[in-house]
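1. pasting the sequence and the predicted model now:
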Amino acid sequence: MNASSSSAGGLVNSTLRVIWWNGLRLLVQLGWMVALAHWLGVNQYGAFIGVASLGVAAGGFAGLGMGLKMYRDVATGSVTVAQMWGRVLGVMAWSSMGLFAAALLVADLVLDLATTFEFQVLAYLLFSEVVVAPIATQIAFAYASVGDMGRSAAVPVVLAGARLVALIMLPSGVGLHGVALAHLAATVAGVYFVVMRSGARLGVGWRMSGTSRSEVLDALSYSSLWASGLAVGSLDKSLALKWGGETAAGHYSVGQRLAAIASIPVEAISAAALPRLFRGHDAGLSDGVRIGVMASLAALYGVAAGAVVWVAAPFVVVVLGPAFSAIAGLGAWMAAYVLLYCVRVVAASVLLGRGHIAWRTACEAASLVVFALLAMSLAPARGAVGAMAALVSMEAFMAALFWARILWPGRRESVSAA
């Protein structure tokens, strides 16, 4: 077998493992979503997801990009995971606490949830997502950096599974306070299990070490990239909660999550190809013909998967109950989102492979502004439909900017070592 076929075979096997684990993760998250919706109802569910999504977005900055720097440096062979892990943990220790305080202030002052959430509930949810859960993300980066994409994709499954088990085990009659506390306890338990299981294989633990200023500055460009991507996938729910209200946010969050499940294969291919991109395009994604093929396949898949989502949307009420019947009216928007999201994910990977980090980050930030403005205009009157219209517009805007940069003649870059 020649090197090319071996590389292709490795990519296929890696992609299949990632598809399996991503599929399992989203199924577990779907189970968690159903259980949480039944526990809280559509109003409190929308508020819960809106606050947790704010935490996920803030948690994207935890570590200030050191996890992605570790990913890049280990994948290129310049350091080992064991050499980098203590530095990653050290930066996370102080950065995440500052981010937690900031997210708590924003949630308390901006989201206006005084009638729905106690301050303790906000603290439980945000501490889970800003301080604790990002540790698991760094472990996933560590596995990916050594090419173990299967275990990298398995890490979020452990965390999601722990949260689902905690929710299932709650005694009847527990209110929002108990659900939030169980969410925090499950997150701590899941992260502890992941770190302890990864100790021997990766050389990681709980010992922190110092990091130079130059290393932190080097990592910051990746921090902005990672955080902007998380913000695009998370802050939309917080903004839907802010301007559409709890009921609209609940319907919107379920619709967006179901559409995201349909995009697993395209996400998996992008994730599996990323280590090869860091090592210098050995997956061939810089070649125009192969990029065109990937984009075409993503678009075809997006059309087919979107059609399935559209047809399936009215049946959500069978699982979640009549309170979620409005999701049936979101089917067309959900289908459009699947198509645009699949095409955009491919473009995002190509941009990262070519080193267009600043462009991608700026486009994601601008797209989030587009969503915010449209949601502010449409969600108050049209509810979840308005929020979904804003989401589809954001994805179309972002995909157009991404592909315009890729197709720009004579302006190619390679991944920098810095």
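-> Cool, got the structure. Residues are numbered from 1 along each chain as shown.
2. against which helices or strands is the helix of greatest length in the chain packed?
-> In terms of residue count, the longest helix belonging to the chain (DSSP state H) is helix 3-59. Helix 3-59 is packed against helix 81-110, helix 119-127, helix 133-145, helix 149-169, helix 176-202, helix 213-261, helix 264-278, helix 316-320, with contacts defined by 3 or more C-beta pairs under 8 Å, 6 or more residues apart in numbering; DSSP states H and E. C-beta here means a position set from N, CA and C on the backbone, and glycine is covered the same way.
3. quick one: which of the ones you listed is nearest Gly50?
-> helix 213-261 (3.1 Å; C-beta to C-beta).
4. quick check: angle from that closest one to helix 3-59?
-> 100 degrees (axes from the mean of the first three to the mean of the last three C-alpha atoms, to 10 degrees).
5. now the angle from helix 213-261 to helix 133-145?
-> Using the same axes, to 10 degrees: helix 213-261 against helix 133-145 is 90 degrees.
6. following the least confident helix or strand in the chain by mean pLDDT in sequence, what is the next regular element?
-> Ranking every helix and strand in the chain by mean pLDDT, DSSP states H and E puts helix 264-278 at the bottom, with a mean of 65. Remark: after helix 264-278, the chain's next helix or strand is helix 288-312, criterion DSSP states H and E.
7. give the buried residues for that following helix.
-> Residues Ile291, Met294, Ala295, Ala298, Ala299, Tyr301, Gly302, Ala305, Gly306, Val309, Trp310 are the ones in helix 288-312 that count as buried (16 or more other C-beta atoms under 10 Å).
8. same for the helix or strand where Ala404 lies, what does it pack against?
-> Per DSSP H and E, Ala404 falls inside helix 384-407. Contact here means 3+ C-beta pairs under 8 Å, 6+ apart; on that basis helix 384-407 packs against helix 213-261, helix 331-354, helix 357-382.
9. could the buried residues of helix 288-312 go into a markdown table alongside distance to Trp21 and pLDDT?
-> Converted to a markdown table, these look like this (distance: C-beta to C-beta, whole Å; pLDDT from 0 to 100):
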| residue | distance to Trp21 | pLDDT |
| --- | --- | --- |
| Ile291 | 26 | 74 |
| Met294 | 21 | 78 |
| Ala295 | 25 | 85 |
| Ala298 | 20 | 89 |
| Ala299 | 25 | 93 |
| Tyr301 | 19 | 94 |
| Gly302 | 22 | 94 |
| Ala305 | 19 | 94 |
| Gly306 | 23 | 95 |
| Val309 | 22 | 94 |
| Trp310 | 27 | 95 |
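10. out of those, who's nearest Trp403?
-> Ala295 (7.8 Å).
11. that closest one and Ala399: what is the separation?
-> Going from Ala295 to Ala399 by C-beta to C-beta, to the nearest Å gives 10 Å.
12. give the residues shared as contacts by those two.
-> Here Ala295 and Ala399 share the contacting residues Val343, Ala347, scored by C-beta atoms under 8 Å, 6 or more residues apart in numbering.
13. under the pLDDT cut-off, which ranges of this structure? List them.
-> 1-15, 112-116, 225-227, 270-290, 409-418 (pLDDT under 70).
14. so who does the residue sitting nearest the centre point of the chain touch?
-> In the chain, the centroid-proximal residue (C-alpha atoms, centre = their mean) is Leu230; its distance is 5.1 Å. Leu230 sits next to Val56, Ala57, Gly59, Gly60 when contact means C-beta under 8 Å, 6+ apart.
15. and with 10 Å instead?
-> By C-beta atoms under 10 Å, 6 or more residues apart in numbering, the contact set of Leu230 is Ser53, Val56, Ala57, Ala58, Gly59, Gly60, Phe61, Pro134, Thr137, Glu364.
16. do Tyr341 as well
-> Neighbours of Tyr341 in contact, by C-beta under 10 Å, 6+ apart: 233, 256, 259-260, 262-263, 266-267, 298, 302, 305-306, 391-392, 395, 398-399.
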